[in-house]
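**Q** structure, please.
(one chain, ligands or ions: 2)
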Amino acid sequence: MSTANGPMELTGTTVDELAAFLASLGEPAYRGHQLARWIYQSDATSFAEMTDLPASLRAQLAERARLTRLAPLAAVRADGGDTVKYLVELPDGATVETVFMRYEDGRRSVCLSTQVGCGMGCTFCATGLAGLTRNLTAAEIIDQVLLVQRTQGERVTNAVFMGMGEPLANYQATVRALLVLNAPWGGGIGMRHLTVSTVGLVPQIRLLAEERLQLTLAVSLHAPDDALRTQLVPINARWPVAELLAASADYVRTAGRRISFEYVLLEGVNDAPEQAAHLGERLVDAARAIDATPGQSWHVNLIPWNPVYGMQYRRPDRARVEAFARELERRRVPATVRLERGVEIDAACGQLQRTRGLAEARR
Ligand code: SAH
Ligand code: SF4
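**A** Numbering: from 1, shown residues only. Ligands and ions are numbered 1, 2, ... in the order given. Got it, this is the predicted structure:
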(Lines give C-alpha, C1' and ligand atoms only; values in the text may rest on other atoms or scores of the structure.)
(Ligands and ions follow the chains in the order given, each with its own letter.)
Protein backbone atom coordinates (compact mmCIF):
# COMPACT_ATOMS: atom_id res chain seq x y z
CA MET A 1 0.00 0.00 0.00
CA SER A 2 2.87 2.41 0.59
CA THR A 3 4.92 3.93 -2.15
CA ALA A 4 8.68 4.42 -1.97
CA ASN A 5 8.53 8.20 -1.60
CA GLY A 6 4.96 9.43 -1.74
CA PRO A 7 2.53 9.57 1.16
CA MET A 8 1.10 6.27 2.45
CA GLU A 9 -2.56 5.69 1.44
CA LEU A 10 -4.39 4.80 4.63
CA THR A 11 -7.87 3.87 3.35
CA GLY A 12 -7.60 0.20 2.42
CA THR A 13 -4.77 -0.66 4.83
CA THR A 14 -5.26 -3.40 7.41
CA VAL A 15 -4.84 -2.76 11.12
CA ASP A 16 -1.52 -4.66 11.02
CA GLU A 17 -0.24 -2.50 8.18
CA LEU A 18 -1.32 0.59 10.10
CA ALA A 19 0.52 -0.65 13.20
CA ALA A 20 3.68 -1.29 11.15
CA PHE A 21 3.48 2.16 9.58
CA LEU A 22 2.99 3.80 12.99
CA ALA A 23 5.90 1.78 14.40
CA SER A 24 8.09 3.25 11.64
CA LEU A 25 7.12 6.65 13.05
CA GLY A 26 8.05 5.51 16.56
CA GLU A 27 4.47 5.06 17.76
CA PRO A 28 3.12 2.16 19.88
CA ALA A 29 1.21 -0.63 18.07
CA TYR A 30 -2.15 0.05 19.78
CA ARG A 31 -2.42 3.26 17.84
CA GLY A 32 -3.09 1.09 14.77
CA HIS A 33 -6.53 0.33 16.20
CA GLN A 34 -7.13 3.98 17.05
CA LEU A 35 -6.25 5.01 13.52
CA ALA A 36 -8.38 2.22 11.97
CA ARG A 37 -11.35 3.44 14.00
CA TRP A 38 -10.94 6.95 12.63
CA ILE A 39 -10.54 5.74 9.06
CA TYR A 40 -13.29 3.13 8.89
CA GLN A 41 -15.73 3.80 11.74
CA SER A 42 -15.69 7.47 12.65
CA ASP A 43 -15.46 8.42 8.97
CA ALA A 44 -12.87 11.12 9.62
CA THR A 45 -12.10 13.18 6.55
CA SER A 46 -8.90 14.78 7.90
CA PHE A 47 -6.11 13.98 10.35
CA ALA A 48 -6.97 17.11 12.35
CA GLU A 49 -10.21 15.43 13.48
CA MET A 50 -8.37 12.52 15.10
CA THR A 51 -8.38 14.14 18.48
CA ASP A 52 -7.22 11.16 20.57
CA LEU A 53 -3.93 11.08 18.64
CA PRO A 54 -1.11 13.37 19.85
CA ALA A 55 -0.87 16.61 17.89
CA SER A 56 2.68 15.76 16.84
CA LEU A 57 1.49 12.47 15.30
CA ARG A 58 -1.37 14.18 13.51
CA ALA A 59 1.11 16.62 12.00
CA GLN A 60 3.35 13.74 10.89
CA LEU A 61 0.39 11.91 9.37
CA ALA A 62 -0.64 15.01 7.44
CA GLU A 63 2.84 15.01 5.94
CA ARG A 64 3.41 11.32 5.33
CA ALA A 65 -0.01 9.79 4.84
CA ARG A 66 -3.04 10.28 2.69
CA LEU A 67 -6.70 9.49 3.29
CA THR A 68 -8.78 8.94 0.15
CA ARG A 69 -12.20 10.49 0.65
CA LEU A 70 -14.45 10.56 -2.40
CA ALA A 71 -17.15 13.12 -3.11
CA PRO A 72 -20.43 12.70 -4.98
CA LEU A 73 -20.83 14.92 -8.04
CA ALA A 74 -24.54 14.11 -8.14
CA ALA A 75 -27.05 12.07 -6.15
CA VAL A 76 -30.37 10.97 -7.64
CA ARG A 77 -33.13 9.68 -5.34
CA ALA A 78 -35.86 7.14 -6.11
CA ASP A 79 -38.32 4.94 -4.18
CA GLY A 80 -39.06 7.86 -1.84
CA GLY A 81 -35.37 8.25 -1.00
CA ASP A 82 -34.86 4.55 -0.20
CA THR A 83 -32.69 4.22 -3.32
CA VAL A 84 -30.00 6.81 -3.98
CA LYS A 85 -27.64 6.64 -6.92
CA TYR A 86 -24.39 8.58 -6.60
CA LEU A 87 -22.08 9.72 -9.35
CA VAL A 88 -18.73 9.62 -7.53
CA GLU A 89 -15.63 11.56 -8.50
CA LEU A 90 -12.28 9.80 -8.07
CA PRO A 91 -9.03 11.64 -7.27
CA ASP A 92 -7.97 11.71 -10.95
CA GLY A 93 -11.33 13.13 -12.06
CA ALA A 94 -12.72 9.84 -13.42
CA THR A 95 -16.23 8.94 -12.25
CA VAL A 96 -18.06 5.78 -11.19
CA GLU A 97 -21.46 5.00 -9.73
CA THR A 98 -22.48 3.80 -6.29
CA VAL A 99 -26.05 2.92 -5.34
CA PHE A 100 -27.50 2.94 -1.81
CA MET A 101 -30.61 0.85 -1.05
CA ARG A 102 -32.58 0.96 2.21
CA TYR A 103 -34.85 -2.05 2.85
CA GLU A 104 -37.81 -2.41 5.19
CA ASP A 105 -36.22 -5.38 6.95
CA GLY A 106 -33.42 -3.11 8.18
CA ARG A 107 -30.78 -3.89 5.57
CA ARG A 108 -28.75 -0.97 4.28
CA SER A 109 -27.05 -2.10 1.11
CA VAL A 110 -24.50 -0.49 -1.18
CA CYS A 111 -23.79 -1.47 -4.79
CA LEU A 112 -20.08 -0.88 -5.43
CA SER A 113 -18.07 -0.21 -8.58
CA THR A 114 -14.67 -1.87 -8.99
CA GLN A 115 -13.46 -0.39 -12.29
CA VAL A 116 -13.89 2.78 -14.33
CA GLY A 117 -15.84 1.26 -17.23
CA CYS A 118 -15.40 -2.42 -18.07
CA GLY A 119 -13.47 -4.32 -20.69
CA MET A 120 -15.83 -7.28 -21.03
CA GLY A 121 -18.19 -5.77 -23.58
CA CYS A 122 -21.42 -7.61 -22.67
CA THR A 123 -23.83 -6.50 -25.37
CA PHE A 124 -26.78 -5.57 -23.10
CA CYS A 125 -24.79 -3.59 -20.49
CA ALA A 126 -24.28 0.18 -20.50
CA THR A 127 -20.95 -0.07 -18.64
CA GLY A 128 -19.57 -2.35 -21.32
CA LEU A 129 -20.14 0.23 -24.08
CA ALA A 130 -17.25 2.53 -23.24
CA GLY A 131 -14.59 -0.08 -22.52
CA LEU A 132 -12.18 -0.14 -19.59
CA THR A 133 -10.42 3.00 -18.39
CA ARG A 134 -8.74 1.65 -15.24
CA ASN A 135 -9.05 -0.46 -12.11
CA LEU A 136 -10.18 1.18 -8.89
CA THR A 137 -7.82 1.01 -5.92
CA ALA A 138 -8.96 -0.77 -2.76
CA ALA A 139 -9.25 2.68 -1.16
CA GLU A 140 -11.63 3.82 -3.90
CA ILE A 141 -13.78 0.69 -3.53
CA ILE A 142 -13.95 0.91 0.27
CA ASP A 143 -14.59 4.65 0.37
CA GLN A 144 -17.78 4.19 -1.67
CA VAL A 145 -19.20 2.50 1.46
CA LEU A 146 -17.83 5.21 3.75
CA LEU A 147 -19.16 7.94 1.45
CA VAL A 148 -22.66 6.47 1.68
CA GLN A 149 -22.37 6.31 5.47
CA ARG A 150 -21.15 9.93 5.60
CA THR A 151 -23.97 11.25 3.43
CA GLN A 152 -26.81 9.02 4.70
CA GLY A 153 -25.81 9.10 8.38
CA GLU A 154 -26.47 5.34 8.63
CA ARG A 155 -24.28 2.25 8.92
CA VAL A 156 -24.15 0.02 5.87
CA THR A 157 -25.04 -3.64 6.58
CA ASN A 158 -24.55 -5.21 3.11
CA ALA A 159 -22.38 -4.58 0.07
CA VAL A 160 -22.72 -6.03 -3.41
CA PHE A 161 -19.88 -5.74 -5.94
CA MET A 162 -22.29 -5.26 -8.84
CA GLY A 163 -21.72 -1.70 -9.98
CA MET A 164 -19.43 -0.71 -12.82
CA GLY A 165 -16.67 -3.09 -13.76
CA GLU A 166 -15.67 -6.72 -13.37
CA PRO A 167 -14.52 -7.29 -9.77
CA LEU A 168 -12.47 -10.40 -10.53
CA ALA A 169 -10.58 -8.56 -13.30
CA ASN A 170 -9.43 -6.30 -10.40
CA TYR A 171 -8.77 -9.24 -8.12
CA GLN A 172 -6.24 -7.91 -5.59
CA ALA A 173 -8.12 -4.69 -4.84
CA THR A 174 -11.43 -6.56 -4.63
CA VAL A 175 -10.15 -9.12 -2.12
CA ARG A 176 -8.47 -6.40 -0.05
CA ALA A 177 -11.70 -4.38 -0.03
CA LEU A 178 -13.66 -7.47 1.06
CA LEU A 179 -11.27 -8.15 3.95
CA VAL A 180 -11.30 -4.54 5.17
CA LEU A 181 -15.08 -4.15 4.82
CA ASN A 182 -15.52 -7.37 6.81
CA ALA A 183 -12.93 -6.80 9.57
CA PRO A 184 -14.17 -5.88 13.07
CA TRP A 185 -11.71 -2.94 13.07
CA GLY A 186 -12.91 -2.01 9.55
CA GLY A 187 -16.36 -1.94 7.98
CA GLY A 188 -17.74 -4.60 10.33
CA ILE A 189 -19.95 -6.02 7.56
CA GLY A 190 -20.53 -9.78 7.94
CA MET A 191 -18.83 -11.81 5.17
CA ARG A 192 -22.20 -13.41 4.42
CA HIS A 193 -23.52 -9.94 3.73
CA LEU A 194 -20.88 -9.31 1.06
CA THR A 195 -21.63 -10.39 -2.53
CA VAL A 196 -19.24 -10.43 -5.48
CA SER A 197 -20.68 -10.71 -8.97
CA THR A 198 -18.49 -11.98 -11.81
CA VAL A 199 -18.98 -12.29 -15.55
CA GLY A 200 -17.34 -15.72 -15.24
CA LEU A 201 -13.53 -15.43 -15.12
CA VAL A 202 -12.76 -19.09 -14.46
CA PRO A 203 -9.15 -18.83 -13.14
CA GLN A 204 -10.16 -16.09 -10.67
CA ILE A 205 -13.22 -18.06 -9.51
CA ARG A 206 -10.83 -20.91 -8.70
CA LEU A 207 -8.45 -18.53 -6.89
CA LEU A 208 -11.31 -17.03 -4.90
CA ALA A 209 -12.46 -20.50 -3.82
CA GLU A 210 -9.02 -20.98 -2.23
CA GLU A 211 -9.46 -17.82 -0.12
CA ARG A 212 -12.32 -19.68 1.61
CA LEU A 213 -14.26 -16.52 2.37
CA GLN A 214 -17.87 -16.97 3.43
CA LEU A 215 -19.04 -14.36 0.95
CA THR A 216 -21.79 -14.85 -1.64
CA LEU A 217 -20.53 -15.40 -5.16
CA ALA A 218 -22.85 -14.43 -8.01
CA VAL A 219 -22.02 -15.66 -11.51
CA SER A 220 -23.55 -13.92 -14.54
CA LEU A 221 -24.74 -16.72 -16.81
CA HIS A 222 -27.44 -15.21 -19.07
CA ALA A 223 -27.65 -18.14 -21.54
CA PRO A 224 -27.74 -21.95 -21.41
CA ASP A 225 -25.52 -22.60 -24.47
CA ASP A 226 -22.24 -21.34 -25.90
CA ALA A 227 -23.56 -19.91 -29.16
CA LEU A 228 -25.96 -17.55 -27.42
CA ARG A 229 -23.74 -16.81 -24.42
CA THR A 230 -20.82 -15.82 -26.64
CA GLN A 231 -23.13 -13.37 -28.41
CA LEU A 232 -24.21 -11.76 -25.13
CA VAL A 233 -21.04 -12.21 -23.06
CA PRO A 234 -18.02 -12.23 -25.41
CA ILE A 235 -15.65 -13.59 -22.73
CA ASN A 236 -17.58 -16.86 -23.06
CA ALA A 237 -15.40 -17.59 -26.10
CA ARG A 238 -12.48 -17.87 -23.65
CA TRP A 239 -14.28 -19.72 -20.81
CA PRO A 240 -17.34 -21.51 -22.21
CA VAL A 241 -20.41 -22.61 -20.26
CA ALA A 242 -19.15 -26.11 -19.44
CA GLU A 243 -15.90 -24.76 -17.95
CA LEU A 244 -17.75 -22.07 -16.05
CA LEU A 245 -20.22 -24.58 -14.58
CA ALA A 246 -17.37 -26.92 -13.61
CA ALA A 247 -15.51 -24.06 -11.87
CA SER A 248 -18.75 -23.02 -10.17
CA ALA A 249 -19.35 -26.56 -8.91
CA ASP A 250 -15.79 -26.73 -7.58
CA TYR A 251 -16.34 -23.38 -5.88
CA VAL A 252 -19.46 -24.69 -4.15
CA ARG A 253 -17.56 -27.76 -2.98
CA THR A 254 -14.46 -25.87 -1.78
CA ALA A 255 -16.08 -22.79 -0.25
CA GLY A 256 -19.14 -24.63 1.05
CA ARG A 257 -21.39 -21.82 -0.17
CA ARG A 258 -24.17 -21.82 -2.75
CA ILE A 259 -23.62 -19.77 -5.90
CA SER A 260 -26.18 -17.33 -7.24
CA PHE A 261 -26.48 -17.42 -11.02
CA GLU A 262 -27.65 -14.16 -12.52
CA TYR A 263 -29.72 -14.35 -15.68
CA VAL A 264 -30.73 -11.10 -17.35
CA LEU A 265 -33.89 -11.76 -19.37
CA LEU A 266 -33.99 -10.29 -22.89
CA GLU A 267 -37.28 -10.75 -24.71
CA GLY A 268 -37.07 -13.12 -27.66
CA VAL A 269 -33.34 -13.66 -27.08
CA ASN A 270 -32.82 -15.83 -23.99
CA ASP A 271 -36.23 -15.92 -22.27
CA ALA A 272 -38.02 -18.85 -23.99
CA PRO A 273 -39.35 -21.73 -21.85
CA GLU A 274 -37.17 -24.17 -23.86
CA GLN A 275 -34.11 -22.12 -22.91
CA ALA A 276 -35.20 -22.25 -19.26
CA ALA A 277 -35.55 -26.03 -19.56
CA HIS A 278 -32.08 -26.34 -21.10
CA LEU A 279 -30.60 -24.12 -18.37
CA GLY A 280 -32.36 -26.16 -15.68
CA GLU A 281 -31.02 -29.43 -17.08
CA ARG A 282 -27.46 -28.14 -17.23
CA LEU A 283 -27.68 -26.92 -13.63
CA VAL A 284 -29.03 -30.28 -12.48
CA ASP A 285 -26.16 -32.08 -14.27
CA ALA A 286 -23.48 -29.71 -12.94
CA ALA A 287 -24.73 -30.24 -9.38
CA ARG A 288 -24.83 -34.00 -9.85
CA ALA A 289 -21.15 -33.90 -10.82
CA ILE A 290 -20.37 -32.88 -7.21
CA ASP A 291 -22.95 -35.29 -5.75
CA ALA A 292 -25.29 -32.47 -4.83
CA THR A 293 -28.80 -31.39 -5.67
CA PRO A 294 -29.29 -28.14 -7.57
CA GLY A 295 -30.92 -26.68 -4.45
CA GLN A 296 -27.80 -27.40 -2.39
CA SER A 297 -25.54 -25.88 -5.04
CA TRP A 298 -27.23 -22.86 -6.55
CA HIS A 299 -29.94 -20.36 -6.87
CA VAL A 300 -30.96 -18.51 -10.04
CA ASN A 301 -31.70 -14.78 -9.94
CA LEU A 302 -33.84 -13.72 -12.87
CA ILE A 303 -33.37 -10.06 -13.77
CA PRO A 304 -35.69 -8.54 -16.38
CA TRP A 305 -33.38 -6.36 -18.49
CA ASN A 306 -33.25 -2.67 -17.59
CA PRO A 307 -33.46 -0.76 -20.87
CA VAL A 308 -30.29 1.05 -21.95
CA TYR A 309 -30.66 4.05 -24.25
CA GLY A 310 -29.76 3.14 -27.83
CA MET A 311 -29.86 -0.66 -27.35
CA GLN A 312 -32.29 -2.79 -29.34
CA TYR A 313 -33.14 -5.39 -26.65
CA ARG A 314 -36.56 -5.52 -24.98
CA ARG A 315 -37.60 -6.33 -21.44
CA PRO A 316 -39.95 -9.34 -21.21
CA ASP A 317 -43.33 -9.01 -19.48
CA ARG A 318 -44.16 -10.51 -16.11
CA ALA A 319 -45.92 -13.62 -17.51
CA ARG A 320 -42.89 -14.58 -19.57
CA VAL A 321 -40.55 -14.10 -16.61
CA GLU A 322 -42.76 -16.27 -14.42
CA ALA A 323 -43.01 -19.00 -17.07
CA PHE A 324 -39.19 -19.06 -17.20
CA ALA A 325 -38.97 -19.39 -13.41
CA ARG A 326 -41.52 -22.24 -13.43
CA GLU A 327 -39.42 -24.28 -15.88
CA LEU A 328 -36.46 -24.01 -13.51
CA GLU A 329 -38.53 -24.87 -10.45
CA ARG A 330 -39.97 -27.95 -12.19
CA ARG A 331 -36.40 -29.22 -12.22
CA ARG A 332 -35.93 -28.24 -8.58
CA VAL A 333 -33.60 -25.38 -9.42
CA PRO A 334 -34.51 -22.55 -7.04
CA ALA A 335 -35.24 -19.30 -8.87
CA THR A 336 -36.36 -15.83 -7.84
CA VAL A 337 -37.17 -12.71 -9.77
CA ARG A 338 -34.99 -9.87 -8.51
CA LEU A 339 -36.85 -7.08 -6.77
CA GLU A 340 -36.71 -3.93 -8.82
CA ARG A 341 -35.11 -0.95 -7.16
CA GLY A 342 -34.54 2.48 -8.56
CA VAL A 343 -35.99 1.71 -11.97
CA GLU A 344 -36.99 5.33 -12.52
CA ILE A 345 -33.40 6.50 -11.98
CA ASP A 346 -31.85 3.75 -14.10
CA ALA A 347 -30.06 2.05 -11.22
CA ALA A 348 -28.77 -0.57 -13.67
CA CYS A 349 -25.03 -0.22 -14.06
CA GLY A 350 -23.62 2.46 -16.30
CA GLN A 351 -26.69 4.56 -16.83
CA LEU A 352 -26.27 7.64 -14.63
CA GLN A 353 -22.97 8.33 -16.34
CA ARG A 354 -24.58 8.06 -19.71
CA THR A 355 -27.42 10.34 -18.72
CA ARG A 356 -24.99 12.92 -17.42
CA GLY A 357 -22.77 12.52 -20.45
CA LEU A 358 -25.76 13.20 -22.65
CA ALA A 359 -26.72 16.26 -20.63
CA GLU A 360 -23.19 17.64 -20.98
CA ALA A 361 -23.07 16.89 -24.69
CA ARG A 362 -26.27 18.89 -25.21
CA ARG A 363 -24.87 22.03 -23.59
N1 SAH B 1 -19.19 -7.36 -14.08
C2 SAH B 1 -19.90 -8.10 -13.12
C3 SAH B 1 -20.58 -7.25 -12.07
C4 SAH B 1 -21.22 -5.97 -12.52
S5 SAH B 1 -22.68 -6.14 -13.52
C6 SAH B 1 -20.90 -9.03 -13.80
O7 SAH B 1 -21.12 -8.89 -14.99
O8 SAH B 1 -21.42 -9.92 -13.12
C9 SAH B 1 -23.86 -6.74 -12.32
C10 SAH B 1 -25.03 -7.49 -12.95
O11 SAH B 1 -25.86 -6.56 -13.67
C12 SAH B 1 -24.60 -8.56 -13.93
O13 SAH B 1 -25.31 -9.75 -13.72
C14 SAH B 1 -24.98 -7.94 -15.26
O15 SAH B 1 -25.21 -8.91 -16.23
C16 SAH B 1 -26.23 -7.15 -14.90
N17 SAH B 1 -26.61 -6.13 -15.86
C18 SAH B 1 -25.82 -5.39 -16.66
N19 SAH B 1 -26.56 -4.55 -17.43
C20 SAH B 1 -27.85 -4.77 -17.10
C21 SAH B 1 -29.09 -4.21 -17.54
N22 SAH B 1 -29.14 -3.26 -18.46
N23 SAH B 1 -30.23 -4.69 -16.98
C24 SAH B 1 -30.19 -5.65 -16.02
N25 SAH B 1 -29.05 -6.20 -15.56
C26 SAH B 1 -27.89 -5.77 -16.10
FE1 SF4 C 1 -18.72 -5.63 -17.53
FE2 SF4 C 1 -20.50 -6.91 -15.97
FE3 SF4 C 1 -21.32 -5.03 -17.76
FE4 SF4 C 1 -20.40 -7.39 -18.63
S5 SF4 C 1 -22.24 -7.03 -17.38
S6 SF4 C 1 -19.84 -5.37 -19.45
S7 SF4 C 1 -18.79 -7.81 -17.14
S8 SF4 C 1 -20.03 -4.69 -15.95
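**Q** and the closest residue to Ser109 other than its chain neighbours, what's its pLDDT?
**A** Using Cβ to Cβ, 6 or more residues apart in numbering and skipping residues adjacent in sequence, the residue nearest Ser109 is Asn158, 4.0 Å away. In short, each C-beta sits where N, CA and C put it, glycine included. Listed pLDDT for Asn158 reads 96.
**Q** count of neighbours near Asn158?
**A** By the measure other Cβ atoms under 10 Å, the count of residues near Asn158 is 18.
**Q** which residues touch it?
**A** Counting by Cβ atoms under 8 Å, 6 or more residues apart in numbering, Asn158 makes contact with 107-110, 189, 193-195.
**Q** would you mind putting these into JSON lines with neighbour count alongside?
**A** Listed next are those as JSON lines, based on neighbours: other Cβ atoms under 10 Å:
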{"residue": "Arg107", "neighbour count": "12"}
{"residue": "Arg108", "neighbour count": "19"}
{"residue": "Ser109", "neighbour count": "20"}
{"residue": "Val110", "neighbour count": "26"}
{"residue": "Ile189", "neighbour count": "22"}
{"residue": "His193", "neighbour count": "19"}
{"residue": "Leu194", "neighbour count": "22"}
{"residue": "Thr195", "neighbour count": "19"}
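**Q** what two of the residues you listed are the furthest from one another?
**A** Greatest spatial distance in the contacts of Asn158: Arg108 and Thr195, 14.3 Å, computed using Cβ to Cβ.
**Q** ok so, going back, look up how far ligand 2 lies from the residue nearest to Ser109.
**A** Using Cβ to the nearest ligand atom, to the nearest Å, we find Asn158 at a distance of 19 Å from ligand 2.
**Q** around ligand 2, pick out the residues from the stretch 51-200 of the chain.
**A** Residues of the stretch 51-200 of the chain lying near ligand 2 by Cβ under 6 Å from any ligand atom: 118, 120-122, 125, 127-128, 165-166, 199.
**Q** run the contact check for stretch 234-252 versus ligand 1.
**A** No: judged by Cβ under 6 Å from any ligand atom, stretch 234-252 and ligand 1 are separated, with a smallest distance of 9.4 Å.
**Q** so that stretch, near ligand 2 or not?
**A** No: Stretch 234-252 stays clear of ligand 2 (Cβ under 6 Å from any ligand atom), getting no nearer than 7.5 Å.
**Q** so where is this protein shaky, pLDDT-wise?
**A** Applying pLDDT under 70 to the chain picks out residues 1-5, 339-363.
**Q** quick check: residues of it near ligand 1?
**A** Residues of the chain lying close to ligand 1 by Cβ under 6 Å from any ligand atom are 124-125, 162, 166, 197-199, 220, 262, 264, 303, 305-306, 308, 348-349.
**Q** of these, closest to Gln41?
**A** Once Cβ to Cβ is applied, the member of these that ends up nearest Gln41 is Met162, at 24.6 Å.
**Q** beta partners for the closest residue to the closest one other than its chain neighbours?
**A** Among residues not flanking Met162 along the chain, Ser197 sits closest, at 4.5 Å (Cβ to Cβ, 6+ apart). Counting by DSSP bridges, Ser197 is bridged to Ala218.
**Q** what sits against Ser197?
**A** 160-162, 167, 218-220, 262.
**Q** out of the residues you listed, who's the most crowded?
**A** Neighbour counts for the contacts of Ser197 (other Cβ under 10 Å) peak at Pro167, which has 30 neighbours.
**Q** got the phi and psi for it?
**A** Taking degrees, to the nearest 10, you get phi -60, psi -40 for the backbone angles of Pro167.
**Q** distance of it from Glu17?
**A** Applying Cβ to Cβ, to the nearest Å, the value for Pro167 to Glu17 is 22 Å.
**Q** repeat that for Glu210.
**A** Note on Glu210: its distance to Glu17, by Cβ to Cβ, is 22 Å.
**Q** more neighbours, the two?
**A** Between Glu210 and Glu17, counted using other Cβ under 10 Å, the more crowded position is Glu17 (16 against 10).
**Q** quick one: what helix or strand has that one in it?
**A** Element membership of Glu17 [criterion: DSSP states H and E] is helix 15-24.
**Q** quick one: that helix to chain centroid distance?
**A** Centroid separation for helix 15-24 versus its chain: 28 Å, with Cα atoms, centre = their mean, to the nearest Å.
**Q** contacts for that helix?
**A** 1-2, 8, 10, 13, 28-29, 31-33, 35-36, 39, 57, 65, 183, 185-186.
**Q** what's the first helix or strand after it?
**A** For helix 15-24, the succeeding helix or strand toward the C-terminus, using DSSP H and E, is helix 31-36.
**Q** list of residues touching that following helix?
**A** With Cβ under 8 Å, 6+ apart as the test, helix 31-36 has contacts from 10, 15-16, 18-20, 22, 50, 52-53, 57, 185-186.
**Q** run the last query once more with 10 Å
**A** By Cβ atoms under 10 Å, 6 or more residues apart in numbering, the surrounding residues in contact with helix 31-36 are 10, 13-23, 25, 27-28, 42, 44, 47, 50, 52-54, 57, 61, 65, 67, 180, 183-186.
**Q** quick check: buried residues in it?
**A** 31-32, 34-36 (16 or more other Cβ atoms under 10 Å).
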